[in-house]
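1. A structural model of the following input is requested.
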Amino acid sequence: MTVTLSEKAEFHLRAFLRGSAPDANGATKGVRISVKDGGCSGYEYAIDITSKPQPDDLVIQQGKVLVYVEAKSAPLLEGVVVDFVEGVMESGFKFVNPNATDTCGCGKSFKAGDCTPTGTPCS
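-> You can find the predicted model right below:
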């Protein structure tokens, strides 16, 4: 499983992790990346801060950030590069997904071949 954070994305995610409320049990926080049904192209990306990954999440260490990838979303996220862009008109996380066959104008939604929007791999 390969999900890569650019230096800028890792920097901004570390800042979010530092700024989030501390975990009551002192557990290590990370970011959970998944794909949800929705958006204008069928799937949309989700990033959440968590210290409680799901038991079947894939765990990837990217620099100083723990990345949890939802197992069901993993086939659609294989090879994804997460970047952070800053501009006059738009700032935020940008996903470069080699599995996407189409994306919407906002870049937050994508289509992947003939997959159904249930997060199942393309056949």
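2. Show me the helices in the protein, by range?
-> Per DSSP state H, the chain carries helices over the ranges 7-19, 74-77.
3. Between those helices, which one is closest to S91.
-> Proximity to S91 (CB to CB) singles out helix 7-19 among these, at 9.6 Å. (C-beta placed from N, C-alpha, C; glycine too.)
4. Averaged pLDDT, stretch 19-31. What do you get?
-> Averaging pLDDT along stretch 19-31 yields 78.
5. ok, now stretch 56-70?
-> On average, stretch 56-70 scores 94.
6. Next one: the spatially most central residue of the chain from F84, what distance?
-> The residue lying closest to the centre of the chain (CA atoms, centre = their mean) is I33, at 3.3 Å. Distance, I33 to F84, by CB to CB, to the nearest Å: 14 Å.
7. now K52
-> Per CB to CB, K52 is found 25 Å from F84.
8. which of the residues in stretch 22-30 are buried?
-> Of all the residues in stretch 22-30, those buried under the rule 16 or more other CB atoms under 10 Å are K29, G30.
9. which residues are contacting that stretch?
-> Under the contact criterion CB atoms under 8 Å, 6 or more residues apart in numbering, stretch 22-30 has outside partners L17, S20, I49, T50, S51, K52, P53, V59, V65, L66, V67, Y68.
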